[in-house]
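Q: Give the three-dimensional model of this entry:
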Amino acid sequence: MSGYPTQEEALPITNTLFPPPPAYWQSFTETNINRYETLTGINSFFREDKDKIDDKDKENKIDLNEDEKNELEELNLRLEKPNVDWVNDDGRWMCFGNMFTTEPNIPTVESIGLPPMFHSNGKQPEETLPNLLSSFLHTILLLLDALTTSARTPNELMHHGWAHEGDQYIQHLSNLAATMMINSNQLRGIQSESTLILIMEKEIEERKKQTELLKTKCKEIASNIKKLKQARSRDLA
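A: Numbers count the residues shown, from 1 in each chain. Next comes the predicted model:
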């Protein structure tokens, strides 16, 4: 009889990127299932109404001694159905070393500690993106201007312990880029709705084309039938 997997048992360590399968399969062996059917008197372990059978009915069918009762109790634990809804119960799962949640958590500017941009105050994400893009391009021009008008020898500022004039623009570009990505992620709902509408419109257009094609084909068939009837009438005449 194979051992029942417990939480104390460590999973085997492998070098594969894919996680090892759960250890439940070690309990659902043919030997354990056959022994369970013998002790319970159930014809098939996979009967849908197996769980509806009362424990008293099971005991009345087969007289079990104390050892067999203990064995049956152990088999009931081993052959208990795995909880397939554990992801919904835990609300999260791990995949390739990353943790995911059943409820998507889209970060905001405040949650990751970015300084708020004056463009995004009181506006929807789709309204702030054009302003953020304009600010991004304008900051690039300021950075290029700072780099070209203050040409220095290599490591000159580092030797004096001074910061470069372009560092502030680089940091501002990084903040703008992160804010644009966050605002873009917040538009997933609108993007999904627009994509669904586009797919439905294309489906309607395709159905209209198919309908027109069927109408044309029906007219062609009706015309051919009419010609055949006329030819038959002339032959009979």
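Q: quick one: pLDDT of the spatially most central residue of the chain?
A: Centroid check for the chain by Cα atoms, centre = their mean gives Thr102 as the closest residue, at 8.6 Å. Among the per-residue scores, Thr102 holds a pLDDT of 82.
Q: Please name the nearest non-neighbouring residue to it.
A: Counting by Cβ to Cβ, 6 or more residues apart in numbering, Thr102 lies nearest to Gly91, which is 5.3 Å off, once chain neighbours are set aside. Where you see a C-beta, it was placed from the backbone N, CA and C, and this is true even at glycine.
Q: follow-up on the earlier one: quick one, what contacts the residue nearest to the centre of the chain?
A: Going by Cβ atoms under 8 Å, 6 or more residues apart in numbering, Thr102 touches Val87, Asn88, Gly91, Arg92.
Q: Against Asn88, how distant is it?
A: 6 Å (Cβ to Cβ, to the nearest Å).
Q: Next secondary structure after the helix or strand harbouring Asn88?
A: Per DSSP states H and E, Asn88 falls inside helix 86-90. Next helix or strand after helix 86-90 toward the C-terminus (DSSP H and E): strand 92-95.
Q: Check which helices and strands the helix or strand that comes right after that following strand sits against.
A: Next along the chain after strand 92-95, taking DSSP H and E as the criterion, comes strand 98-101. Packing contacts for strand 98-101, counted by 3 or more Cβ pairs under 8 Å, 6 or more residues apart in numbering; DSSP states H and E, involve strand 92-95.
Q: Now do the buried residues in the strand it packs on.
A: Judged by neighbour count (16 or more other Cβ atoms under 10 Å), strand 92-95 contains no buried residues.
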